[in-house]
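Visitor: Give me coordinates for this.
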Amino acid sequence: MDPSDMSRVIKRDAFFHACQLFDETPDLSVVFATTIIGIFA
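Guide: Residues are numbered from 1 along each chain as shown. Next comes the predicted model:
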């Protein structure tokens, strides 16, 4: 697997996990949600 493919896989997995976190935590504050987005960006 070349580095660009590996990068896409890592980003896809990170996005998937971020979506799961948002689904499991329905009462996020704006600050907390922004922090999570920043971590996965």
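Visitor: dump the residue contacts of Ile37.
Guide: With contact taken as CB atoms under 8 Å, 6 or more residues apart in numbering, Ile37 is in contact with Ala18. C-beta here means a position set from N, CA and C on the backbone, and glycine is covered the same way.
Visitor: what about it, which helix or strand?
Guide: helix 30-40 (DSSP states H and E).
Visitor: so how far is that helix from its chain's centroid?
Guide: Here helix 30-40 is found 9 Å from its chain centre; the criterion is CA atoms, centre = their mean, to the nearest Å.
Visitor: Quick one: mean pLDDT over that helix.
Guide: Helix 30-40 carries an average pLDDT of 79.
Visitor: Kindly report the same for stretch 4-14.
Guide: Mean pLDDT, stretch 4-14: 78.
Visitor: burial count for Ile36?
Guide: For Ile36, the count of nearby residues is 16 (other CB atoms under 10 Å).
Visitor: quick one: secondary structure of Asp27?
Guide: For Asp27, the secondary-structure state derived from DSSP: H, G, I helix; E, B strand; the rest coil is coil.
Visitor: Please state the backbone phi and psi of it?
Guide: phi -110, psi 50 (degrees, to the nearest 10).
Visitor: With Leu28 instead?
Guide: phi -70, psi 140.
Visitor: ok so, going back, send me the helix holding Ile37 as CSV with only the CA atoms.
Guide: Below are the C-alpha coordinates for helix 30-40, written out as CSV (Å, rounded to 0.1, in the frame of the first residue of the first chain):
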residue,chain,number,x,y,z
VAL,A,30,-20.4,23.7,21.0
VAL,A,31,-17.0,24.0,22.6
PHE,A,32,-16.7,20.2,23.1
ALA,A,33,-18.0,19.5,19.6
THR,A,34,-15.5,21.9,18.1
THR,A,35,-12.7,20.3,20.1
ILE,A,36,-13.6,16.9,18.7
ILE,A,37,-13.7,18.2,15.2
GLY,A,38,-10.3,19.8,15.6
ILE,A,39,-8.8,16.5,16.8
PHE,A,40,-10.0,14.6,13.8
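Visitor: Understood, closing this out.
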